[in-house]
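In: sequence below, structure please.
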Amino acid sequence: MILGSLKQARGLVTSGLAHAHKTPCFSVFFKVSVAAPSAKLLQRCTTRAFASEVQRSNASGLVETGGGLGGTSGVSKRTDRKCTLVLEDGSVFSGQSFGAELSTAGEVVFNTGMVGYVENLTDPSYRGQILVSTYPLMGNYGVPHSPPDEIGLPTGMESDRIQVSALICQDYCHVPSHWNSGKTLSLWLKENSVPAMYGVDTRALTKKLRIYGSMKGEIVMDE
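Out: Residues are numbered from 1 along each chain as shown. Below is the predicted model of the structure:
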């Protein structure tokens, strides 16, 4: 009984599609629904959306453009100061600064979390360490408004300050987008005199740390 009903339903659907396919309306709908947008159209839509987001962020004081827009992170990577991570074994990783432009040293460790960089940066267990994020993008939702909770700690943070000595990531989003974003990650790091660098091959760096263990390292700002 059930099998017969299924066959009957399939027949009705098949015949209906065959009949509809002959109509101009179905043909137009079918072409529109499956046609892939051109590269130019995608670029135009992306550019407009990005420009709109930049205007909104600028109006609310959430973004510092730093000398020119462009690039996947929202600001041309040529405008950010270059810096270098040097490990105790002599390995060198180049990148660009988005935090305080200060040289610093510490134990280099990594974190594999996909979200929660605000919590990680304020975690006392990372006190004095250079934290490497294996997740490639940092700063995309900014730093949230954090009023004190019932015990006096900022909401959504593990302590009342940034605990790491520096942050390293693969890419940094200069234009955050979140309803609760109060400031950019870059601005927060600069306010707390914490260096940070992006553009680093964090996959290679993490593999090295995973094989040989945490290492001492130093972030040096280029002249």
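
In: unless I misread the structure, Arg203 falls within a helix.
Out: Yes. Counting by DSSP: H, G, I helix; E, B strand; the rest coil, Arg203 is part of a helix.

In: and for it, the neighbour number?
Out: 11 (other Cβ atoms under 10 Å). For glycine as for every other residue, the C-beta is placed from the backbone atoms N, C-alpha and C.

In: cool, and Ser181?
Out: Applying other Cβ under 10 Å, we find 20 residues neighbouring Ser181.

In: what do you get for the one 5 residues further on?
Out: Neighbours of Ser186 under the rule other Cβ under 10 Å: 27.

In: measure the closest residue to it other than its chain neighbours to Tyr198 for me?
Out: Among residues not flanking Ser186 along the chain, Phe98 sits closest, at 4.6 Å (Cβ to Cβ, 6 or more residues apart in numbering). The gap separating Phe98 from Tyr198 is 6 Å, by Cβ to Cβ, to the nearest Å.

In: thinking again about what came up before, wait, the residue nearest to Ser186 sits on Tyr172?
Out: Yes. The criterion here is Cβ atoms under 8 Å, and Phe98 meets it with Tyr172 at 4.7 Å.

In: shared neighbours, these two?
Out: Gly139, Leu185, Ser186, Ala196, Tyr198 (Cβ atoms under 8 Å, 6 or more residues apart in numbering).

In: residues contacting the residue nearest to Ser186?
Out: Listed by Cβ under 8 Å, 6+ apart, the contact partners of Phe98 are Asp80, Gly139, Tyr172, His174, Leu185, Ser186, Leu189, Ala196, Met197, Tyr198.

In: out of everything not next to it in sequence, what's closest to the first one?
Out: I take that to be Asp80. Spatial nearest neighbour of Asp80, chain neighbours left out: Gln96 (4.0 Å); criterion: Cβ to Cβ, 6+ apart.

In: ramachandran angles for the one you found?
Out: Here is the backbone geometry of Gln96 (degrees, to the nearest 10): phi -140, psi 150.

In: count of residues packed around it?
Out: 19.

In: where along this structure do the helices fall?
Out: For the chain, the helices defined by DSSP state H cover 2-21, 24-34, 39-60, 117-121, 185-191, 202-212.

In: worst average pLDDT in those helices?
Out: Among the helices of the chain, helix 24-34 has the lowest mean pLDDT, at a mean of 39.

In: per-residue pLDDT, the residue nearest to Pro147 when sequence neighbours are not counted?
Out: Leaving aside its sequence neighbours, Pro147 sits nearest to Thr155 (Cβ to Cβ, 6+ apart; 5.7 Å). pLDDT, Thr155: 89.
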